[in-house]
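Chemist: Quick one, what's the 3D model for this:
(one chain, ligands or ions: 1)
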Amino acid sequence: MIDTVFIDIDGTLLDFEACVEESMRLGLIERGIDYKDEMLVTFHRINDGLWRDLEKGKLTFEELLRIRWATVFEELGIDLDGPEFERYFRARLHESAIPMAGAFEVLEYLKPKYRLFAASNGPHEQQVERLRKADMLKYFEEVFTSGKIGAEKPAKEFFEYCFEKAGVTKAEDCVMLGDSLTSDMKGGSGAGMKTVWLNLKGEEKPEWVDFEIKSLDEIKNII
Ligand SMILES: [Mg+2]
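Modeler: Have a look, this model is predicted:
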């Protein structure tokens with residue numbers, strides 16, 4: 001019987017895309033660059049590629065931070081210092097916590113029924129601070145992050161650490177809820193958990209994912 005739910009943070013509880021857009025737009029304007037929407041598209045393409053490499057173990061988080069904005073600026077032909085902008089960007093993201101639609105309602109619904117843990121790929125202090133700022137920290141027994149664990153979802157080590165700290169003995173009694181197939185669903189499934197995919201873009205559900213929901217409130221139909 002399901003008694004524990006692990007929930008991804010970005011793209012699931014917090015609207016990371018909205019935080020990224022705001023931080024990038026304001027940062028560029030402050031530095032005298034004329035911001036255009038297509039710059040965000042370029043950032044996402046490069047950033048997604050780097051995160052995929054990170055999830056595959058081809059790149060460390062530190063390497064990602066070192067090259068991310070330099071790569072974006074080079075492609076956009078913008079003459080700015082990549083590492084400097086990275087420091088600004090992360091500081092601003094650290095502050096930003098824009099909730100996803102339905103996030104509070106789903107936490108209110110789940111909290112009385114299940115043990116709740118956050119499970120996120122990201123720096124520990126930042127993720128804890130953003131949950132606190134969004135007033136979501138109170139719902140979680142503990143916040144598990146790759147920054148603290150030293151392994152990224154979908155790695156088995158990430159989930160083994162979570163299970164040990166949470167005192168989980170039966171993975172099949174746990175649910176992993178998240179928006180990413182490559183980290184949340186692959187990781188949760190690999191660790192033996194039930195998987196619930198927040199499929200906001202209407203992509204096709206792979207067979208190995210247990211459940212999909214099109215909005216957070218649909219989780220009520222599953223658990
Ligand atoms: Mg996510």
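Chemist: give me every residue that touches Asp210.
Modeler: The neighbours of Asp210, taking Cβ atoms under 8 Å, 6 or more residues apart in numbering as the test, are 189, 194-196. Every residue, glycine included, has its C-beta placed from N, CA and C.
Chemist: now the nearest residue in space to Tyr88 that is not next to it in sequence: how far from Glu105?
Modeler: Among residues not flanking Tyr88 along the chain, Gly27 sits closest, at 5.5 Å (Cβ to Cβ, 6 or more residues apart in numbering). Counting by Cβ to Cβ, to the nearest Å, the gap between Gly27 and Glu105 amounts to 32 Å.
Chemist: for the closest residue to the ion within the chain, what are its contacts?
Modeler: Closest contact between the chain and the ion, by Cβ to the ion, is at Gly11 (3.5 Å). Counting by Cβ under 8 Å, 6+ apart, Gly11 touches 17, 100, 178-180, 198, 200.
Chemist: was I right about Phe43 contacting Val20?
Modeler: Yes: in terms of Cβ atoms under 8 Å, Phe43 counts as a neighbour of Val20; the distance is 7.3 Å.
Chemist: Please list the residues of this protein that sit near the ion.
Modeler: Where the chain comes near the ion, counting by Cβ under 5 Å from the ion, the residues are 8, 10-11, 179-180.
Chemist: go with 8 Å
Modeler: Contact residues (Cβ under 8 Å from the ion) of the chain with the ion: 8-12, 16, 120-121, 178-180, 183-184.
Chemist: From those, which one has the minimum pLDDT?
Modeler: Least confident of the residues of the chain next to the ion in the model: Phe16, at 83.
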